Each structure stands twice: as C-alpha cells, then as structure tokens.
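Colleague: one predicted model, sequence on top.
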Amino acid sequence: MSVLTWTSEAAALESIPLSERLRRLRASHHAMWNYVTYRDAIALLGLDPAAIYPKGSTRLDPAEWADLGWLTCFCGPPASAVDAMRAAATAESLNQYTPDLIEPLRDAAAAAFGRSRDGGFEVVGTEGTQAAVALALMATVDPGDEVIVSDPGYFHIPSAVLAAGGVPVAVTIGPDTGYRLDPADVARAITTRTRAICIVDPLNPYGTVQTREELVALAELADRHGLLLVHDVTHAPIGLDPDAAFASLPALELTDRAVAAMSVSHCYGMAGARIGFLGGPPGFVRGCLQLKAALTRLNTNLISQHGALAALNDESYLAGAARTVAGNLAHLQRTLESAPGVRLVVRPERGLACAIDVSGTGASAQELMVALFACRVAVYPGDGLGDTGAASTIRINLSRPDPWAMVHLRSVLADAVDEAASGRWREPVVSLLERKGTDRAARLARQIGGPG
C-alpha cells in the first residue's frame, strides 16, 4: 500500500495531530486526489495501474493513449533545452548548492515577463509557477485572510491559498464576463479580510485574456485596498489569436503591488524540470526567496536552469507550438460539429488548451471522462476547476504534434457520448464522488445522480 495511491486507507493519519491548514486543505475539492482524475477512471474501469503507469511513472504511453488532459506542451521540450541540459549534466553541476537562478536565466525570465530588471523589478526562481504563487501568498496571507480567485479557474490556486492559511473567495466568471475576472465583481467581493487577488491570465484552460482596461481596474482596486495582485501568466507564451495583445502586470507598471508568475512547465513542455519564476518588487520577491530558503534552500536544479535558459531563448519553438495548437483546435472544432451536445465553451486566445461543454449530451463530464478513458482518451472533467461547470466541462490539451490523438478522439467521441448518456457509469461515478468527502463532490453526486 503506497501513500501515493488514491485509496482512502492510504491517506489515514489518525495517529498524528494535524494542523488546521492541512485539515482545511484535505476538506477542499481542490486538494490533490480530491478532484476527479485519471486514477479514478482507472479504478472505476478495473484497470491495472501498474500496467498503465509502469515503475510508478505518471506518463501515459503516447503510442497507445490520446492524453488530452495532462497539461504540458507535447511539442516540447525544445531540442535546444535538452541539448543544454545534457551539456550541463556534469559533476560540478551536481556537487554544489546552486543559486535560485543563474544571472543569464534571471535576465531571460525578466524578458519573458516583458520588463527589465531594475530598482522596481526583480525575478527569483521557484519550483514551477505553483511554488511562485504559493510563496507570494505565504508572504502576504495570515490565517483567516481572504484571497479572491476565479470560479472556474486553475485547479491549484485555491489549494495554494489554503496552504498559506487563507480562505479562497470565488468570483464567478462565465459568458457574461467573457470568461475573465470582472473588476466590478471583484470589487464586490473585497472585504476587510481580503489580502490578495489571483489572476490566471490566460485562464487555464479557457485561454481567455484579460483586457488592458480590466487590468487597469484591478490595479486600481489593489492600490485602493492595499492588496497583492498575483498575475499567473504561465500560458501566455503560446499565442493563437494575433489580436489578443498580452502584457504582464509588472510590464504594464500600473501598480507596485503586482507580482507575476510563470514557468517552463506548460508552454515549453518542461514540467519535469520544475523551473518557475516570480517577478515583482525586489524587496517582496527577496522575502519570498527567504521563505523558499526556509522550505527547500535557495537552490533550484542547475541542470534544469540551463535547459530553461535555452528554452526561453529558442525563438522558433513557440511559433511551432502555436501552429500545432491552432491546427488541433481547428480539428477539434470540426469534430464537435458532428458531436451533438458537445461544444467549445469559448475560443482560446492563448495557451495550449481549451474547455468543452458537454451539458447537451445527457451525461456528466465525469461519466464521459470514464467512457473516453475506456477508449484510451484521457481528459480532465471540470470539478477541479470550480463549482461553475463542474459537471459539464472537460479540459482538452491541444498540443499533441502527431495527428493520431485528435483523429482518435474524433473516431471514439460519438460512441463514448452514447455510452456515458446510457447511464452505465452514473452509479459508479456518484459512489466515487460520495467517497471523496468534500462538499463539492457531494453536490456533484446529487446533481449527477438526479432525484432520489
């Protein structure tokens, strides 16, 4: 029995007193293993996880699986990054504690944020964007403080708030707001306990981009109320709409209360490198580096740093990735034209993913996820993203460079929809959700199970 499995028995910690922080995180549907994942589909289908994930890996064999849920760009990593990491894999690289970032990478990360390092802006290294966001919140949030997030939004932002001891306050987004945070709605959510606003922009997985006017209004709110703005721009490098202009908040210089976070994990296909960046006022990000040192020391893997530097400097890679994502999006849209009840929620402007609405199929996203997994198509349903669209949204990764994955999805989608709509997976999914033990899972179980 491994603590890394999804079994409830493995999570038992009764003999050790738990912090309130951990208890609140475990009660949240955003916590790891609480939202519906591939591993739940494996269990419901009675598959052998050791065969699907040999030697404890987390990668589905791309020769056999259309993995359209796990978010890393399958166009990556750039060949230049792999070459740089091979060259850096020396005894000297391994036999030392390293800086959080080597200076050339610090400069390249600042350029990726759209601003040069100066007296008002500095960049520090983190283990991916998630660590950057978490450190920024830890530096700002005390127990009981509130942090505004979008609903739906990226899976792990609320969990970072909870890990910092804060309370996520969800602001609903949808077609009326263009699937972006509306500053007027944010203003109404601010209380005396609010400490920060998290903006995932482009929004994962919808691919929508906040307008300049919206960012100006959010910056004004931050200044008026003394709040931190956390601008997660991880999906910005891949542009799909040439008219969707983009700039990070530090680059716009609208307020000195903003930090930006990104990584090479998603758009550059380097999730395993664990290299991310936090950029903002030097005094604040230095404090975040002090927190990082308390948790993991200053050093970030030096071999990965050389790979990240090569990736950020590889001008041709992103253009190729954008062409792949745009081509797969066009293919998916043609597929959906012949799939009754399934539609694109909103056309993404940037990033490598999109969201599809399955509410017209007669099945929940969770049931369809299981039916697709049985056909070797792996996707994520929307319950991890928020209450809004939790049972009707599926996230699709559009970055596979080989045509097989999208062709395979097209060939099985109609049959998977029919199977899900038949109710075959309804009772197992409802039972699964009830076992999750979170409020959202209970609401979903009732919604999917119907009356009685």
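Modeller: Nice, I can see it.

Colleague: mind checking pLDDT for the spatially most central residue of the chain?
Modeller: For the chain, Y154 is the residue whose C-alpha lies nearest the centre (C-alpha atoms, centre = their mean; 4.7 Å). On the pLDDT scale, Y154 is placed at 91.

Colleague: can you list phi and psi of E146 for me?
Modeller: phi -110, psi 140 (degrees, to the nearest 10).

Colleague: try N204
Modeller: In terms of degrees, to the nearest 10, the main-chain angles of N204 are phi -80, psi 120.

Colleague: swap in the one 3 residues further on?
Modeller: Listed backbone geometry of G207 is phi 80, psi 20, with angles given as degrees, to the nearest 10.

Colleague: E337 now?
Modeller: According to degrees, to the nearest 10, E337 has phi -60, psi -30.

Colleague: again, but for D145
Modeller: Torsion angles at D145 (phi, psi; degrees, to the nearest 10) stand at phi -70, psi 150.

Colleague: surely the residue nearest to the centre of the chain and D232 touch.
Modeller: Yes: counting by C-beta atoms under 8 Å, Y154 sits close enough to D232 to count as a contact (7.0 Å). The C-beta positions use only the backbone N, C-alpha and C, and glycine is treated the same way.

Colleague: now do the shared contacts for the two.
Modeller: Counting by C-beta atoms under 8 Å, 6 or more residues apart in numbering, the contacts common to Y154 and D232 are V200.

Colleague: quick one on the thing from earlier: and the residue nearest to the centre of the chain, what is it in contact with?
Modeller: V200, L203, N204, D232, L385.

Colleague: same deal with N313?
Modeller: For N313, the contact set (C-beta under 8 Å, 6+ apart) comprises S80, A108.

Colleague: now do stretch 266-273: everything it contacts.
Modeller: Here stretch 266-273 has contacts from 71-78, 81, 85, 128-129, 204, 234-238, 264-265, 301, 304, 307-308, 311-312, 317-318, 321, 351-352, 399, using C-beta under 8 Å, 6+ apart.

Colleague: quick one: which of the residues you listed sit in helices?
Modeller: A81, M85, G128, T129, S304, G307, A308, A311, L312, Y317, L318, A321 (DSSP state H).

Colleague: ok, for L60, nearest residue in space, not its chain neighbours?
Modeller: Nearest non-adjacent residue to L60, counting by C-beta to C-beta, 6 or more residues apart in numbering: D67, 4.5 Å away.

Colleague: do you know how far the one you found is from A170?
Modeller: 29 Å (C-beta to C-beta, to the nearest Å).

Colleague: ok, these two, which is more surrounded?
Modeller: More crowded of D67 and A170, by other C-beta atoms under 10 Å: D67, with 20 against 16.

Colleague: pretty sure the more buried one sits against A378.
Modeller: Yes: applying C-beta under 8 Å, one finds D67 in contact with A378, separated by 4.8 Å.

Colleague: tell me the contacts of V36?
Modeller: V36 touches Q366, M369, Y380, P381, D383, G384, L432, L433, counting by C-beta under 8 Å, 6+ apart.

Colleague: same deal with A111?
Modeller: A111 neighbours (C-beta under 8 Å, 6+ apart): L312.

Colleague: try 10 Å this time
Modeller: Residues near A111 by C-beta atoms under 10 Å, 6 or more residues apart in numbering: R117, V123, L312, N313.

Colleague: would you reformat the residues you listed as a markdown table and include distance to N95 and pLDDT?
Modeller: Shown next, in a markdown table, are the contacts of A111 (distance: C-beta to C-beta, whole Å; pLDDT from 0 to 100):
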| residue | distance to N95 | pLDDT |
| --- | --- | --- |
| R117 | 29 | 97 |
| V123 | 26 | 98 |
| L312 | 26 | 98 |
| N313 | 26 | 97 |
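
Colleague: will you turn those into CSV that also has distance to A271?
Modeller: Shown next, in CSV, are the contacts of A111 (distance: C-beta to C-beta, whole Å):
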residue, distance to A271
R117, 26
V123, 20
L312, 16
N313, 19
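
Colleague: which one of those is nearest A416?
Modeller: Minimum distance to A416 across the contacts of A111 is 38.6 Å, recorded for L312 (C-beta to C-beta).
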